[in-house]
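# Next come a sequence and a model predicted from it.
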Amino acid sequence: MSELNKRIEKVLKSRTERGLKRQLNDNLDRRQFNVDFSSNDYLSLAKNEKLIGIVKERLAKSDVMGSGGSRLLDGDTILHRQIERKLSNFYNGEVALLFNSGYDANVSIFATIPDKDDIVIYDELIHASVHDGMRGSRTTHCWSFRHSDLNHLSELLNAARKQHSGSIFIAVEAVYSMDGDRCPLEEITNLTKGDINIHLIVDEAHSTGYIGSNGRGLVSALNLDQYVAIKLNTFGKALCAAGAVVLCAPNVRNYLINYARPLIFSTSMTLSNLHIVDVVHDYLSDGHLTTEIDNLKRNATYLRQRLGIPENVTPIVPILTPQSKRLAKALQDNGILVRPITWPTVPKGKDRVRVCVHSHNTIEEIDKMVEIIEKFCTIRSKL
């Protein structure tokens, strides 16, 4: 066995022994699960027959499927440009730039825009893609603040102002993907207003589609667009497509086009996916998804009430337990699709079952899930 294979096998064995090895689920037949409380399909659009029908009609009229290359070569089309203009208007941005994923967008932003004398201050629960972007950045000054802790953020901002003369970037998520809590954006902007060298970057991946007017996200819901330098909205969660859009100033867009390697060296978004993005945003703009949004908020509120946890309209509800794998299996055995989330995806001691509610879930389905969780907790407490 080669040295490479020896090393790989050793590392994988260690992960397996510690119960940390990730693997793809070989059982892909989801018909065994009657109820979905796992996917990010918050608005239940992935199986929306009307949307599927419209997209099929669009594709039937098109004589092209793939984009054919990078945006800087032959992969830029009229449809790419039209959708970017539509999205900049919809999300209240100056200009828009499409990326193949939210991950690519975050890596591009944080690997290219901060310079060597700049500082990035990020929430400790920020997405892994931001960390990967910071690893490739010219700056080595990347500081984390305690999750949504405004006092700690204020302390770091004061220290950054005193120690560095460059730009300061603050990285947060509008809704945090594992905890489901909202970022205190209004309070953060109160800390940054009036300082032209502080630039707030907000990832709206898990707030797009259901928060704010027609699902524009948390920044727009709070009328804070003027205080946010860069905003990222994604299509892969509530909007049943793939990809993301960065909303920013024209010079930032041009800078990313010149330096963002995931954009420069990747085949651009396919036209088939662009049609989905286009159709879904037409539905949002025209208010055709009001019922789905209302149902989602109702279900999220009801689940939190049943569990006795603080009310929140986000669809992500973490059930923290050191027995996350056993609880997930208990729910799966009853036809409910959920997934356990463990370290290193979440911090040590914060293992959980990540529950995602959707607009299509019924009150009866929520009740059944809560009853199983309560029964599981009662049994475990007696052991």
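Perfect, thanks for sending it. None of these values were measured; they are calculated from a predicted model.

# and the chain, what are its domains?
According to automatic domain parsing, the chain comprises the domains 25-43+289-382, 67-285.

# tally of neighbours for G194?
7 (other Cβ atoms under 10 Å). Every C-beta, even on glycine, is put in place using the N, C-alpha and C of the backbone.

# Quick check, pLDDT for it.
Note for G194: predicted pLDDT of 88.

# From A159, how far off is it?
18 Å (Cβ to Cβ, to the nearest Å).

# Next: T192.
In this view, T192 and A159 are 15 Å apart by Cβ to Cβ.

# Which one's more surrounded, those two?
Per other Cβ under 10 Å, whichever of T192 and A159 has more neighbours is T192, with 19 against 13.

# one step back: now for the domains of the chain, which one comes closest to K50?
Judged by Cβ to Cβ, the one of the domains of the chain that comes nearest to K50 is domain 67-285, at 8.4 Å.

# before we move on, back to that, would you mind telling me which of the domains of the chain is nearest R58?
domain 67-285 (4.4 Å).

# buried stuff in stretch 37-48?
For stretch 37-48, the neighbour count (16 or more other Cβ atoms under 10 Å) marks F37, S38, N40, D41, Y42, L43, S44, L45, N48 as buried.

# Out of the domains of the chain, which is the most enclosed?
domain 67-285 (a mean of 20; mean count of other Cβ atoms under 10 Å).

# roughly how far is it from the heart of the chain?
Offset of domain 67-285 from its chain centre (Cα atoms, centre = their mean, to the nearest Å): 10 Å.

# so how far does it reach from one end to the other?
Counting by Cα to Cα, to the nearest Å, you get 26 Å between the two ends of domain 67-285.

# for stretch 313-331, same thing?
End-to-end distance for stretch 313-331: 23 Å, by Cα to Cα.

# Average pLDDT for that stretch, rounded please.
Summarised as a single mean, pLDDT over stretch 313-331 is 93.

# Once you drop chain neighbours, what's closest to the spatially most central residue of the chain?
Nearest to the mean C-alpha position of the chain, by Cα atoms, centre = their mean, lies A205 at 3.1 Å. Excluding its sequence neighbours, the residue lying closest to A205 (Cβ to Cβ, 6 or more residues apart in numbering) is T234, at 4.3 Å.

# And the pLDDT at that neighbour?
Listed pLDDT for T234 reads 98.

# Same check on the one 10 residues further on?
At A244 the predicted local confidence, pLDDT, stands at 99.

# ok, now which ones touch it?
98-102, 104-105, 205, 232-236 (Cβ atoms under 8 Å, 6 or more residues apart in numbering).
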